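Asker: no sequence on this one, just coordinates:
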């Protein structure tokens, strides 16, 4: 799980929504943890019980979101 | 943690947003798990390491959301 910190709940929730939009576009959905000022994202492909190309693509796209 | 099931990711994310709006109004924020078609909500007041009135109010309001 990769953790991301935010100054409040609203910004953490906004990030979940932005990653959620990308997940819908990709048809590949991470698991999220959302707490006050904190988001955790876990990438995993349950079908193969491991990481696939889709996970690496999502990881790169999430990483790009954190820079914009 | 209470678990809620949804037919897809989008509806699960919508539920997180609706509970998030209530949490902001109440100034009391649960921890969320969000996966495909699944939301988990944990109510806890870290300051007292237990449940407080705010948790019960949030639980009732979340319960009401699931009926609307």
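Answerer: Structure received. Being a predicted model, the structure only gives us computed values, none of them experimental.

Asker: got the contact list for the lowest-mean-pLDDT helix or strand in chain A?
Answerer: Least confident helix or strand, chain A: helix A:53-67 with a mean of 94, by mean pLDDT, DSSP states H and E. For helix A:53-67, contacts defined as Cβ atoms under 8 Å, 6 or more residues apart in numbering or on different chains pick out A:2, A:4, A:15, A:18-19, A:22-23, A:26, A:28, A:30, A:41, A:43-45. Just so you know, the C-beta spots here come from the backbone N, C-alpha and C atoms, and that holds for glycine as well.

Asker: Could you pull out the buried residues of it?
Answerer: A:55, A:58, A:61, A:62 (16 or more other Cβ atoms under 10 Å in any protein chain shown).

Asker: Out of the contacts of helix A:53-67, which sit inside strands?
Answerer: With DSSP state E as the criterion, strands contain A:2, A:4, A:41 from among those.

Asker: Now, of these, which are buried?
Answerer: If we count by 16+ other Cβ under 10 Å, the ones in strands among the contacts of helix A:53-67 have these buried: A:4, A:41.

Asker: ok, the ones in strands among the contacts of helix A:53-67 vs residue A:11, which is closest?
Answerer: residue A:4 (9.8 Å; Cβ to Cβ).

Asker: Just confirm the closest one contacts residue A:15, I think it does.
Answerer: Yes - at 6.3 Å, residue A:4 counts as touching residue A:15 under the criterion of Cβ atoms under 8 Å.
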